[in-house]
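> here are the coordinates; sequence isn't available:
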């Protein structure tokens, strides 16, 4: 009897994932969580995973509530307390 069993990625049939290592859509999932986006409800949503991520990154980067200073420190745009705390 084996002391250790290989862990199978958790998921359900009907859940769709996009594997960023193999660049493919999978139902199940087949690849480890560190290598995939999802779950998505449809195959088409999973196929658009990289586009969706790019759109969300752009929204985050252009969010007027988030600002970076020239030295890379984050500033809180809604901070009204004296002393910046």
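Yep, it's here. What you see is a predicted model, and the numbers here were worked out from it, not measured in a lab.

> buried stuff in whichever helix in the chain runs longest?
For the chain, the helix with the greatest residue count under DSSP state H is helix 49-61. Neighbour-count burial for helix 49-61 flags residue 49 (criterion: 16 or more other C-beta atoms under 10 Å). Every C-beta, even on glycine, is put in place using the N, C-alpha and C of the backbone.

> give me the contact list for that helix.
With C-beta atoms under 8 Å, 6 or more residues apart in numbering as the contact definition, helix 49-61 has outside contacts at 18, 20, 37, 38, 40, 45, 66.

> mind checking what helix or strand follows the helix or strand containing the third one in sequence?
I take that to be residue 37. Assessed by DSSP states H and E, residue 37 sits inside strand 36-40. Sequence-wise, the next helix or strand downstream of strand 36-40 (DSSP H and E) is helix 43-47.

> now do that next one, average pLDDT.
Helix 43-47 shows a mean pLDDT of 97.

> near residue 27, how many other residues are there?
Residues lying near residue 27 (other C-beta atoms under 10 Å) number 16.

> any idea what the closest residue to it other than its chain neighbours is bridged to?
Leaving out its chain neighbours, the residue that sits closest to residue 27 by C-beta to C-beta, 6 or more residues apart in numbering is residue 16, at 5.7 Å. Beta-bridge partners recorded for residue 16 (DSSP bridges): residue 27, residue 40.
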